[in-house]
Structures are given as C-alpha cells and as structure tokens.
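Asks: This is a predicted model, with the sequence first.
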Amino acid sequence: NQLQEVVIQVGYGSVKKKNATGAVSILSDKDFNKGVVTNAEGLLTGRVAGVVVTQGGRPGDGAAVRIRGGSSLNASNDPLYVIDGLPVEGGISAINPNDIESFSILKDASATAIYGSRGSNGVIIITTKKGTRSDDIIYSFNTYSAVSKVAKTIDVYNASEYRNIINQFVPTRTALLGTSDTNWQNEIFTNGLTSNTDLSVRGNLLKAIPTRLSLGYTDVAGVLKTSDFDRTSVSLTMTPTFFDNT
C-alpha cells in the first residue's frame, strides 16, 4: 500500500507535509474523542502531543488550551483560532462539535511567521464540514443522552454530631444551634442529565453549489442545581466554484 500525499492548510495557503518546516499536527474526525463531547475543545483532549486541554468545571465553560505550555505570566496564553480561514476571538466553545471536520495545529515559530504576534501561543486551524458534489442528498442524524452524578461527597459532621461536640466543650452555646438537621450537600447536588441532538443535510444545490445545513441542540444540566447550559446552533455552508473540474 502506498500512502497518498498529505496536504496541510497553513494560514493563507497549502503546502505538502514533507515541505512544511514547522511542527504541525493534524486531527481529522476519525481521530476525535468519542462519547459525550459538548464543546469543541473536548474533541482535542489528550489527542495531540504538546497540547494540554483543561476543561472548565461548569457546564458550558470553555476549556483552557495550551500549546507547549504557557509563555507569559500576565498576557493571554490562549492560541489563535482560525475557522475556515477567519481568525476568531474568545475561544470555540460556542461551536457545535458536529460541524468540525478537522484540526490543524501549528505549534512553533512558523505560526508567528504567518499570523504575527497573534500566533505567538500557537494556532489551531479549524476546518468545518462542507457540502458534496454528489447529486444525492445525504442526511445525518445523531442523538445521545447521559446521566451524571456526584461520585463522592465531602465527609463532614451532621448537625447532631456537631451539636454533641459543642455541648461537650461549650454547653452554654448548644441551645443556639437549634434542632434542624439539614444535609446541605443533598440540597445543592442532584443527578445531571445531558442530551444532544444533531441533524445535518448535505447535497449539491442546483447541481452547482455544494451545500451543507446543520441544526444542533445541546442541553446540559450540571450536578450542581444552579448550573446548566444549553446551546442551539444553525450552520449553513455553501462552497461554489467558478470553474469545472477544480
């Protein structure tokens, strides 16, 4: 078997992998993390050498992504994100993971040469899914649900045990503690339900414009009763060409 040539999209152009002078990692959809992934950063977790992804603790929190560690104590250490050639600010947690086709990660000084100081912390180039030139219409539907629960709570004294301690050392204060016996960990924690639904349609509009339309809805109820996250996404991609056979 002969491996076909690999072409890498870097910045404003494309080069063959053998001619790329910088450190580049490519992650396609077959390499993404599987299972319950509610944000785009989750697709990268643990998949690329030199890239550390630290997920936030609350539902919907964006992850902290570091490429080969941080380089500044005061300034931002976030990489530059480029989606289909357009640099974006503020992370990618709002993007539906189902719309992403691949990541290209520029790790070294070559990113600075292309993007200037914005790429000093590395660059993550995201390519989204596109339509098809086939005359067939391709439908894709995906849904899943997951349940989260608190695996372990903090072992603390209950109200009765605490009153006994106070009664032993400061008996005059025992009456001020009342008679309630509320377990506050049971009051603030609950089982969390995550549900995700994605529907996409791919085809060749008017037999000339490869088109993809996707709809997605994500609802995450955290184990903390006041934490939840929901996202509704709509994506329309049209990629016409002006010449045949190009």
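Replies: Structure's in. What do you need?

Asks: Low-confidence regions, the protein specifically.
Replies: Low-confidence segments of the chain, defined by pLDDT under 70, are located at 1-22, 244-246.

Asks: let's see it at 50
Replies: Scanning the chain with the threshold set as pLDDT under 50 gives 12, 18-19.

Asks: Go through whatever helix or strand residue 101 lives in and flag the buried ones.
Replies: Assigned by DSSP states H and E, residue 101 falls within strand 100-106. Of all the residues in strand 100-106, those buried under the rule 16 or more other C-beta atoms under 10 Å are 100, 102-106. C-betas here are computed from N, CA, C, even on glycine.

Asks: which residues touch it?
Replies: 8-10, 22-29, 32, 40, 43-44, 48, 51, 67, 114, 119, 122-130 (C-beta atoms under 8 Å, 6 or more residues apart in numbering).

Asks: Give me the sheet partners of it and which way each runs.
Replies: Strand pairing for strand 100-106, determined by DSSP bridges: strand 24-28 (antiparallel), strand 123-128 (antiparallel).

Asks: Just name the most buried of those.
Replies: Ranked by mean neighbour count under mean count of other C-beta atoms under 10 Å, the strands paired with strand 100-106 are led by strand 123-128, which reaches a mean of 22.

Asks: Residue 161 belongs to a helix?
Replies: Yes: judged by DSSP: H, G, I helix; E, B strand; the rest coil, residue 161 forms part of a helix.

Asks: Any idea how many residues pack against it?
Replies: 11 (other C-beta atoms under 10 Å).

Asks: before we move on, back to that, do you know which of the strands paired with strand 100-106 lies nearest residue 234?
Replies: strand 123-128 (13.0 Å; C-beta to C-beta).

Asks: which residues in this protein form helices?
Replies: 109-115, 159-169, 184-188 (DSSP state H).

Asks: want to try a markdown table for these, with distance to residue 59 as columns?
Replies: Formatted as a markdown table, those follow (distance: least, C-beta to C-beta, whole Å):
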| stretch | distance to residue 59 |
| --- | --- |
| helix 109-115 | 31 |
| helix 159-169 | 31 |
| helix 184-188 | 15 |
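
Asks: Which residues are in contact with residue 240?
Replies: 208-210.

Asks: Let's see if you can find the most crowded of the residues you listed.
Replies: Busiest of these [other C-beta under 10 Å] is residue 210, holding 18 neighbours.

Asks: And it, how far from residue 193?
Replies: 37 Å (C-beta to C-beta, to the nearest Å).

Asks: sorry, back to before: identify, from the contacts of residue 240, the entry nearest to residue 36.
Replies: Taking the contacts of residue 240 together and measuring to residue 36 by C-beta to C-beta, the closest member is residue 210, at 30.6 Å.

Asks: Quick check: beta-bridge partners of that closest one?
Replies: Beta-bridge partners, per DSSP bridges, of residue 210: residue 204.

Asks: Quick check: it touching residue 129?
Replies: No: Residue 210 lies out of contact with residue 129 (C-beta atoms under 8 Å); the separation is 10.6 Å.

Asks: Quickly list what's touching both of these two.
Replies: With C-beta under 8 Å, 6+ apart, residue 210 and residue 129 have common neighbours residue 202.

Asks: hmm, back to that, would TSV of the strands paired with strand 100-106 with distance to residue 85 be doable?
Replies: Converted to TSV, those look like this (distance: least, C-beta to C-beta, whole Å):
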stretch	distance to residue 85
strand 24-28	16
strand 123-128	8
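
Asks: quick one: the nearest residue to residue 26 once chain neighbours are set aside from residue 160, how far?
Replies: In space, and not counting its chain neighbours, residue 26 is closest to residue 104: 5.3 Å by C-beta to C-beta, 6 or more residues apart in numbering. Plainly put, residue 104 is 60 Å away from residue 160 if you go by C-beta to C-beta.
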